[in-house]
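K.L.:
generate a structure from the sequence data that follows.
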Amino acid sequence: MADPDFHSSHRPGRQMHHGIRVHPDFPIPARIEIFTPRTWGDKATKVSDGGRNTAWYLCTPWGQAVLRHYHRGGLISRFVDERYLWVSEETTRSFAEFALLNELHAQGLPVPRAMAASYQRRGVTYRAAIMTERLHNTVSLAQAIGRAGPASIKLVEPVSAAIRQLHDANVYHADLNAHNILVDDAQKIWLIDFDKSSRRTMTRALREQSLERLGRSLQKLLGEQGVIFSGQLQQQYQQS
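P.N.:
Numbering: from 1, shown residues only. The predicted structure is shown next:
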């Protein structure tokens, strides 16, 4: 099967220009305004769970979506919040994640499709945004464990399987935490937010690093309950 014919829109200008990439499955207009929450009025709702308060649920004519703006974290965010150094179009945070998500979805991995992505360049810097499918009837892994209590042990095997599927596909998730793993009402596991993630050989060290990162997140959010789940998860992963 041929690769999907993704298309882009470019609007060059003297000092500023933007690019938009749209998935062919969605009849989305290549307009930069669709990546601005205020364009949607009351059809845009802030996502409160996880992240840096930079994501919105959207009710669009082409389906329910999640709009996310790329923002820096850590100390540098105090000085430069949402701008990144320009290198090339393909290496923008949004276009890189767009390509990876749709490649993984096409291969059957448990990730949402990226519907559209954009960047706005000014001089040597740019800012970016991405729109992905909204996964319905889902809660974060942290929420699911907190609600289920001891019964959350039922989630250990499917969470381990989803992570191993990702690792076996040689994909490194740069921020595998308890907010970026979702559980739907059928207890299917979904992985989201692939910013800065990439294809690479998943060595034993990288696999352990990924699981340890998730373990720290679970401990931070759930305390002892998170530590217990993390231990069970690592054991299941090693046995699978």
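
K.L.:
and residue 25, what are its phi and psi?
P.N.:
Phi and psi for residue 25, reported as degrees, to the nearest 10, are phi -70, psi -10.

K.L.:
what's the spacing between it and residue 150?
P.N.:
Computed as Cβ to Cβ, to the nearest Å, the residue 25 to residue 150 distance reads 41 Å. In this view, the C-beta of every residue, glycine as well, is placed from N, C-alpha and C.

K.L.:
who's more crowded, the two?
P.N.:
Each of residue 25 and residue 150 has its neighbours counted (other Cβ atoms under 10 Å); residue 25 has more, 13 against 8.

K.L.:
what sits against the closest residue to the more buried one other than its chain neighbours?
P.N.:
Nearest non-adjacent residue to residue 25, counting by Cβ to Cβ, 6 or more residues apart in numbering: residue 113, 7.0 Å away. Counting by Cβ atoms under 8 Å, 6 or more residues apart in numbering, residue 113 touches 23, 25, 101, 102, 105, 132, 133.

K.L.:
need the buried ones from the residues you listed selected in ChimeraX.
P.N.:
Entered in ChimeraX, the line below selects the buried ones among those, by 16 or more other Cβ atoms under 10 Å:
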select :23,101,102,105,132,133
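
K.L.:
could I get the contacts of residue 113 as a markdown table with secondary structure, pLDDT and distance to residue 156?
P.N.:
Rendered in a markdown table, the data for the contacts of residue 113 read as follows (DSSP: H, G, I helix; E, B strand; the rest coil; pLDDT from 0 to 100; distance: Cβ to Cβ, whole Å):
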| residue | secondary structure | pLDDT | distance to residue 156 |
| --- | --- | --- | --- |
| 23 | coil | 97 | 33 |
| 25 | coil | 95 | 33 |
| 101 | helix | 98 | 26 |
| 102 | helix | 98 | 29 |
| 105 | helix | 98 | 25 |
| 132 | strand | 98 | 26 |
| 133 | strand | 97 | 26 |
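
K.L.:
want to throw the contacts of residue 113 into TSV with distance to residue 71?
P.N.:
Shown next, in TSV, are the contacts of residue 113 (distance: Cβ to Cβ, whole Å):
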residue	distance to residue 71
23	23
25	28
101	19
102	23
105	24
132	16
133	21
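
K.L.:
nearest to residue 196 among the contacts of residue 113?
P.N.:
Ranked by distance to residue 196 (Cβ to Cβ), these are led by residue 101 at 12.7 Å.

K.L.:
in this structure, where's the longest helix?
P.N.:
helix 204-222 (DSSP state H).

K.L.:
helices or strands up against that helix?
P.N.:
With contacts defined as 3 or more Cβ pairs under 8 Å, 6 or more residues apart in numbering; DSSP states H and E, the packing partners of helix 204-222 are helix 141-148, helix 156-168, helix 224-239.

K.L.:
save the ones you listed as a markdown table, and put in mean neighbour count and mean pLDDT too.
P.N.:
Formatted as a markdown table, the helices and strands packed on helix 204-222 follow (neighbours: other Cβ atoms under 10 Å; pLDDT from 0 to 100):
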| stretch | mean neighbour count | mean pLDDT |
| --- | --- | --- |
| helix 141-148 | 20 | 96 |
| helix 156-168 | 19 | 98 |
| helix 224-239 | 16 | 97 |
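
K.L.:
what's the distance between the residue nearest the centre of the chain and residue 66?
P.N.:
When Cα atoms, centre = their mean is applied to the chain, the residue found nearest the centroid is residue 193 (1.1 Å). With distances taken as Cβ to Cβ, residue 193 is found 10 Å from residue 66.
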